[in-house]
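Peer 1: no sequence for this one, just the structure:
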């Protein structure tokens with residue numbers, strides 16, 4: 001049955017024993033010292049710090065055992081898997097190296113705990129002798145440290161390193177052969193890709209030239225559009241100025257033409273500015289009503305002036321229609337610009 005245990009298994013057993021036995025000894029020793037320390041603190045709580053330090057002394061064996069276990073597992077690659085496969089001989093050597101700290105740690109922690117109990121008794125009766133009292137349990141620590149040096153981990157690590165180097169050399173040769181094969185395949189693929197790339201570059205260049213030409217044409221059309229939009233804006237601005245500078249008769253004649261175009265076959269109201277209400281010609285109100293009747297509706301001229309520069313406002317059912325010169329010119333400008341854009345880009 002033991003022959004079935006691998007080298008890694010023996011090494012794991014050694015690490016487990018080092019951590020477990022030394023930890024058990026520390027728990028035993030710290031427990032003994034803790035019982036004594038509790039009695040002292042019950043009588044005199046001011047001695048808590050001193051007796052706590054003495055109680056902790058037997059706990060170092062567990063720390064050393066855990067340290068040996070951790071170093072063993074980490075240096076041999078046994079933590080987390082993927083480590084070196086140890087031979088049975090090497091695994092037994094690791095087990096043997098871990099046994100001293102495991103066994104001596106168990107026994108020394110127990111006796112150090114008993115010595116710590118006596119030292120706590122000294123501190124309870126003579127607190128000024130705390131330094132001397134600590135020396136007694138500390139002396140037990142000496143043999144524990146000697147066992148730690150006896151583990152011989154460095155020699156075992158060197159042997160495992162040699163085995164790992166030999167295994168790595170074999171893997172390196174296999175990896176080199178695989179790399180040469182991959183490199184040869186990569187050269188073949190690169191030659192094929194080079195030919196395909198040349199064809200793609202030629203096609204991309206032709207596509208790029210086409211896009212450049214299209215972009216230049218688009219830029220030309222955009223420049224032409226901006227120029228025509230500026231011309232439209234200037235022409236409409238001049239027309240607006242001419243309308244505003246018309247004499248009263250011409251002004252209201254244009255007003256009548258616009259009214260006939262925008263009046264609706266509904267009952268509504270019409271508003272003017274204060275300036276237009278003052279200079280409105282006689283009979284213009286009748287023209288307003290006649291224009292509304294032609295469309296099958298009616299309009300009531302409101303004497304309340306609106307804050308507008310020119311033109312008029314139509315109100316049907318609470319909905320306001322802005323028929324000022326500026327609003328009409330803006331609408332005309334938008335339609336003209338849309339038409340120019342359609343001609344150039346559609």
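Peer 2: Structure received. For clarity, every value in this text was computed on a predicted model and none was experimentally measured.
Peer 1: going forward, measure contacts and count neighbours with C-alpha atoms only.
Peer 2: Will do.
Peer 1: tally of neighbours for residue 309?
Peer 2: Counted with other Cα atoms under 10 Å, residues neighbouring residue 309 total 15.
Peer 1: any idea which element the residue lying closest to residue 249 once chain neighbours are set aside lies in?
Peer 2: Counting by Cα to Cα, 6 or more residues apart in numbering, residue 281 is the residue found nearest to residue 249 once chain neighbours are left out, at 7.8 Å. Assessed by DSSP states H and E, residue 281 sits outside every helix and strand.
Peer 1: and the one 5 residues further on, by the same measure?
Peer 2: Here residue 286, judged by DSSP H and E, is contained in helix 284-294.
Peer 1: so what's the gap between that helix and the chain middle?
Peer 2: Relative to its chain's centre, helix 284-294 lies at 71 Å (Cα atoms, centre = their mean, to the nearest Å).
Peer 1: who does it touch, helix- and strand-wise?
Peer 2: helix 248-262, strand 298-301 (3 or more Cα pairs under 8 Å, 6 or more residues apart in numbering; DSSP states H and E).
Peer 1: what's the most buried one of these?
Peer 2: Per-stretch averages of neighbours, counted by mean count of other Cα atoms under 10 Å, single out strand 298-301 among the helices and strands packed on helix 284-294, with a mean of 19.
Peer 1: parallel or antiparallel, list what pairs with that strand.
Peer 2: Sheet pairing for strand 298-301, assigned by DSSP bridges, gives strand 267-271 (parallel).
Peer 1: quick one: the strand it pairs with to helix 248-262, angle?
Peer 2: Interaxial angle of strand 267-271 relative to helix 248-262 (axes from the mean of the first three to the mean of the last three Cα atoms, to 10 degrees): 150 degrees.
Peer 1: so what pLDDT did the residue lying closest to residue 243 once chain neighbours are set aside get?
Peer 2: Nearest non-adjacent residue to residue 243, counting by Cα to Cα, 6+ apart: residue 251, 6.8 Å away. pLDDT for residue 251: 86.
Peer 1: then residue 341?
Peer 2: For residue 341, the predicted pLDDT is 61.
Peer 1: hmm, residue 106 is touching residue 18, no?
Peer 2: No: using Cα atoms under 8 Å, residue 106 makes no contact with residue 18, being 9.3 Å away.
Peer 1: out of these two, which sits in the more crowded spot?
Peer 2: Shown here are residue 106 and residue 18; by other Cα under 10 Å, residue 18 has more neighbours (32 against 26).
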